[in-house]
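A.B. asks: Below are the sequence and a predicted model; questions follow.
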Amino acid sequence: MNEQAGVARSTPPVGTPIAPAGAGSDAPVTRVFGIRHHGPGSARSLRHALEEFAPDAILIEGPADADPLVGFVAADTMTPPVALLAYVPDSPARAAFWPFAVFSPEWQAMRYGVDHAVPVRFCDLPAAHVLAADDDARGGGSDPLAALAAAAGYDDAERWWDAVVESVPDSAAFEAITEAMTALREDAPHPTDTEPPIETSAPPTDAARTGAEPPAEPDFTPAPPTATGFELPASADRDDPALARLLVDQHTLVREAHMRQVMRQVLKGGAKRLAVVCGAWHAPALIEPLGPAAPDMRLLKGLPKTKAALTWVPWTHSRLAAGSGYGAGVTSPGWYHHLFTETERPVARWLTKVAGVLRKHDLPVSSAHIIEAVRLANTLAALRGRPLPGLSEVTEAVRAVMCGGDETVLRLVVDELVVGETLGGVPEDTPTVPLAADLRARSKTLRLKQEALARTIDLDLRKERDVARSHLLHRLRLLGIDWGVPSTGEVRSTGTFRETWTLRWEPEFEVRIVEAAVWGTTLRTAAETKILDTAGRDGVTVTALADALELALLADLGGATEGLITTLDAAAALDHDVTHLLGALPGLTRTLRYGDVRGTDTKALAHVADGLLVRICAGLPGAVTGLDTDAAQALRTQIDAAHSAISTRDEEHATTEWLATLQRIADRDDVHGAIGGRAVRLLCDAERIDDADSARRLAAALSIGNTPAAKAAWIDGFLGGRGLLLVHDRELLRRIDEWLRDLNDDQFVATLPLLRRTFGSFESGERRAISQALRDTDRAPLTPAGPVEVDRARGQLALRAATQILGAAG
């Protein structure tokens, strides 16, 4: 094995603090603590080991160029989960995260350093190298401790750690882990001596990933603790897939070379008791003696590098649970947080929390359920030869006792407790881009708190603060930061003075803020610059410009409004496609309507809308001919939207011009039925034609000169999802019913798809009412067949009863 591997050196017993040869009693002492990333047991053991060792310098696996950010850990407002964010200033999309939770050993090491005034530094490959490496060159991560747990018969590395590692003193635990890692690395494949170093570094998620879930539990019995704390069971296969995934690849060697270089620097700087906190897989490569520096320098020479900016950002438990993207692959962060913070009776306290969650969802759970669940979890652990119940035993107890075997109810527990949704926090003076600082200040002023759980807010646009909130959320949406998403509120209001938003903060928004910072230093200027840039691009349509103008007014972007109006007016004058103009009209009309609510000057916009309508009225009659069914349906949808917008605007001249255009369309014979029928329906609703005229037009459409498909299209356009018309207009229902009765088999089959679409658009209640109306029509003809005889005897009885009732009432 070559010297780069870092483990094939002559070393004393693993984990033993070593002084350089010939040194006296004051020689520096180095302790390497191999930990499991995001492991609560590992974090607890590390904290105790640091208290025992009392180091005067601490190195932690993490980007070395993040050292200036360690001081922020001491801030009272620094609340995990948080993450180190590194990005390329000129290309913010090129970013990486290193997440930390309260149960992360690295976080506990930083807290120890802050609490005891011990210098803390990061020692892994700098982010400047990580971000410069190709994505394909970033090797995948694996969890050696999870592999050891799986090989020993455990399905959870934390359970294995509790059963095996924590059964020995803290100081010996890490020595045992390092010894186990040394054994695994000796069997793991290494790059050949002739293989050239690749230009790579650890992937961002390697710094915090625990790897894929361990395989299903083997059939052999877990190995008991040994004197050193670990031993593979005799039945364990060293070719087991969990162990086969482990390898010492080139990027691992590069990272470890950098770690050793930083260790040499710290020791040279005068450290006497150096503690190194790193992933257990790297521990054998970092124990003393470190060996000559020349091989490490050769490995690090020529690595790609770029400019990188780093900061702290809030993180969430759900992102820790994500196994891909920026997640850390922790499947149960809520459970791990509980294990770390609740050291006394963790199982009973956990099941009490489960009961609280179920009760919150109005599910009956009593104290007896909790007691029985604790008993079942302890029994399962005893049957499996485990000292304490783990997540598997607790979950099975919850499923059986509290959920009654209902997986849907169990999913509530998993989502709200096992994973959880906790959002961390960072100090206000944390380095960031000006745009993020502006967002932070505006959010604080408007009392909008960033939260991981979704919540709904209703904004009353008659209140100054709610209007400012609306502007903020709309600006963020323009910048691609969907902190708030418009939704339909449960609170109904008349007019246009209310907006409903669903708010949920995602950690990825921090990267999007950095990306959006290229447009400006404040949310207002950034949104204005971006929307103007989008509107000025080649090929932008009138509809897109109208939508952009609507968003600009909703976001109160006064600096962009005038330019957008001018651009829209010029584009509308050159665009001869009526469908584009029709698509732009509803947005402009909504803007005219809502503009007054926000105090926006809409005079220039009204001028553009009027000009747009003139062009539509001039071009629409010529655009409705020669259309196939799909094109006619699409145009009908646009006509409906335009008609609704014009009716909402309620401007006399605009309404008159629009209805006159519909009248011209309705009077033509060469128009597709879907459009002709809809024009008649809209004119009838506007009382421009009476019922007799609409009946005459319906009869003409159903006359013998038209094909069955054309008749069905006209009916579809005329009804258009309005089933109540057939319920209340029995004459209209009778005419359509007679037409359907007269169709032969072939004609009926040809028109059936369109008829199914027409009647399928009705509400179920409308369809039932139509069926009842048809039955009533069949039972009671409109015209009596002959004279009706009156039963005088029954009439006398009714009159006598009515007289008695009236007399009693008097």
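C.D. replies: Yep, it's here. Given the structure is predicted, the values throughout are model-derived calculations rather than measurements.

A.B. asks: What ranges does the stretch 1-150 of the chain have for its helices?
C.D. replies: Under the criterion DSSP state H, counting those that start in this stretch, the stretch 1-150 of the chain contains helices at 40-53, 105-115, 127-130, 144-151.

A.B. asks: swap in the stretch 501-650 of the chain?
C.D. replies: Counting by DSSP H, counting those that start in this stretch, the helices of the stretch 501-650 of the chain are 509-516, 523-535, 542-554, 558-574, 578-595, 603-623, 629-649.

A.B. asks: Columns mean neighbour count and mean pLDDT on top of these, output as TSV?
C.D. replies: Placement of C-beta: from N, CA and C, glycine included. Compiled in TSV, the helices of the stretch 501-650 of the chain are given as follows (neighbours: other C-beta atoms under 10 Å; pLDDT from 0 to 100):
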stretch	mean neighbour count	mean pLDDT
helix 509-516	23	87
helix 523-535	20	91
helix 542-554	24	85
helix 558-574	17	84
helix 578-595	22	78
helix 603-623	18	83
helix 629-649	18	86
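
A.B. asks: Could you export the ones you listed as JSON lines, including distance to residue 423?
C.D. replies: Shown next, in JSON lines, are these (distance: least, C-beta to C-beta, whole Å):
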{"stretch": "helix 509-516", "distance to residue 423": "11"}
{"stretch": "helix 523-535", "distance to residue 423": "21"}
{"stretch": "helix 542-554", "distance to residue 423": "27"}
{"stretch": "helix 558-574", "distance to residue 423": "32"}
{"stretch": "helix 578-595", "distance to residue 423": "33"}
{"stretch": "helix 603-623", "distance to residue 423": "40"}
{"stretch": "helix 629-649", "distance to residue 423": "40"}
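
A.B. asks: just the helices in the stretch 201-350 of the chain please.
C.D. replies: Using DSSP H, counting those that start in this stretch, helices in the stretch 201-350 of the chain cover 241-244, 250-268, 283-286, 294-300, 317-321, 333-341, 346-360.

A.B. asks: Now tell me which of those the model trusts least on average.
C.D. replies: Among the helices of the stretch 201-350 of the chain, helix 241-244 has the lowest mean pLDDT, at a mean of 52.

A.B. asks: Spatially central residue in the protein, please.
C.D. replies: residue 506 (6.9 Å; C-alpha atoms, centre = their mean).

A.B. asks: Quick check on that one: phi, psi?
C.D. replies: phi -110, psi 140 (degrees, to the nearest 10).

A.B. asks: Could you check the pLDDT of it?
C.D. replies: At residue 506, pLDDT is 87.

A.B. asks: Likewise for residue 176?
C.D. replies: On the pLDDT scale, residue 176 is placed at 82.

A.B. asks: what's the answer for the one 3 residues further on, then?
C.D. replies: In the predicted model, residue 179 carries a pLDDT score of 85.

A.B. asks: Can you tell me how far it is from residue 500?
C.D. replies: 60 Å (C-beta to C-beta, to the nearest Å).

A.B. asks: Please apply the same query to residue 248.
C.D. replies: Counting by C-beta to C-beta - residue 248 and residue 500 are separated by 55 Å.

A.B. asks: who's more crowded, the two?
C.D. replies: Remark: of residue 248 and residue 500, residue 248 carries more neighbours, 24 against 17, as counted by other C-beta atoms under 10 Å.

A.B. asks: my guess is that one meets residue 184, correct?
C.D. replies: No: counting by C-beta atoms under 8 Å, residue 248 does not reach residue 184; the two are 9.6 Å apart.

A.B. asks: so who does residue 448 touch?
C.D. replies: 469, 472, 503 (C-beta atoms under 8 Å, 6 or more residues apart in numbering).

A.B. asks: let's see it at 7 Å
C.D. replies: Neighbouring residues of residue 448 by C-beta atoms under 7 Å, 6 or more residues apart in numbering: residue 469.

A.B. asks: quick one: which helix or strand includes it?
C.D. replies: Counting by DSSP states H and E, there is no helix or strand that carries residue 448.

A.B. asks: I'd like to know how far the residue lying closest to residue 591 once chain neighbours are set aside sits from residue 583.
C.D. replies: Among residues not flanking residue 591 along the chain, residue 550 sits closest, at 4.7 Å (C-beta to C-beta, 6 or more residues apart in numbering). From residue 550 across to residue 583, the span is 12 Å (C-beta to C-beta).

A.B. asks: And residue 524, by the same measure?
C.D. replies: Taking C-beta to C-beta as the measure, residue 524 falls 28 Å from residue 583.

A.B. asks: pLDDT below threshold where in the stretch 51-200 of the chain?
C.D. replies: The stretch 51-200 of the chain contains residues with pLDDT under 70 at 134-143, 155-156, 158-159, 161-172, 188-200.

A.B. asks: So residue 565 is in contact with residue 608, correct?
C.D. replies: Yes: taking C-beta atoms under 7 Å as the definition, residue 565 is a contact partner of residue 608 at 5.9 Å.

A.B. asks: Kindly state the pLDDT recorded for residue 17?
C.D. replies: Residue 17 is given a pLDDT of 46.

A.B. asks: cool, and residue 767?
C.D. replies: Looking at residue 767, the pLDDT reads 76.

A.B. asks: Show me what the host helix or strand of it is packed up against.
C.D. replies: Following DSSP H and E, one finds residue 767 within helix 764-779. Applying 3 or more C-beta pairs under 7 Å, 6 or more residues apart in numbering; DSSP states H and E, one finds that helix 764-779 contacts helix 724-728, helix 730-742.

A.B. asks: Out of these, which is the most enclosed?
C.D. replies: Ranked by mean neighbour count under mean count of other C-beta atoms under 10 Å, these are led by helix 724-728, which reaches a mean of 17.

A.B. asks: got the angle for the helix holding residue 767 vs helix 730-742?
C.D. replies: Orientation check (axes from the mean of the first three to the mean of the last three C-alpha atoms, to 10 degrees): helix 764-779 against helix 730-742 gives 80 degrees.

A.B. asks: Extract the CA atoms of helix 764-779 and return them as CSV.
C.D. replies: The C-alpha trace of helix 764-779 is given here as CSV (Å, rounded to 0.1, in the frame of the first residue of the first chain):
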residue,chain,number,x,y,z
SER,A,764,-73.4,16.2,-10.0
GLY,A,765,-76.4,18.1,-8.5
GLU,A,766,-77.1,19.7,-11.8
ARG,A,767,-77.1,16.4,-13.6
ARG,A,768,-79.5,14.9,-11.0
ALA,A,769,-81.8,17.9,-11.4
ILE,A,770,-81.8,17.6,-15.2
SER,A,771,-82.7,13.9,-14.9
GLN,A,772,-85.6,14.7,-12.5
ALA,A,773,-86.8,17.5,-14.9
LEU,A,774,-86.8,15.0,-17.8
ARG,A,775,-88.8,12.5,-15.7
ASP,A,776,-91.3,15.2,-14.7
THR,A,777,-91.6,16.2,-18.4
ASP,A,778,-92.4,12.6,-19.4
ARG,A,779,-95.0,12.3,-16.6
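
A.B. asks: and residue 789, which of the three is it?
C.D. replies: With DSSP: H, G, I helix; E, B strand; the rest coil as the basis, residue 789 sits in coil.

A.B. asks: where's it relative to residue 640, distance?
C.D. replies: 52 Å.

A.B. asks: Output the below-cut-off pLDDT ranges for the stretch 301-450 of the chain.
C.D. replies: Those would be 321-329, if you go by pLDDT under 70 across the stretch 301-450 of the chain.

A.B. asks: now the strands for it?
C.D. replies: 309-314 (DSSP state E, counting those that start in this stretch).

A.B. asks: ok, what's across the strand from residue 500?
C.D. replies: residue 458 (DSSP bridges).

A.B. asks: Wait, it touches residue 458, no?
C.D. replies: Yes: at 5.3 Å, residue 500 counts as touching residue 458 under the criterion of C-beta under 7 Å.

A.B. asks: roughly how far apart are residue 187 and residue 85?
C.D. replies: Counting by C-beta to C-beta, the gap from residue 187 to residue 85 is 37 Å.

A.B. asks: Compare those two (neighbour count), which wins?
C.D. replies: residue 85 (28 against 11).

A.B. asks: can you pull the contacts of that one?
C.D. replies: If you count contacts by C-beta under 7 Å, 6+ apart, then residue 85 has 95, 97, 310, 311, 313, 510 around it.
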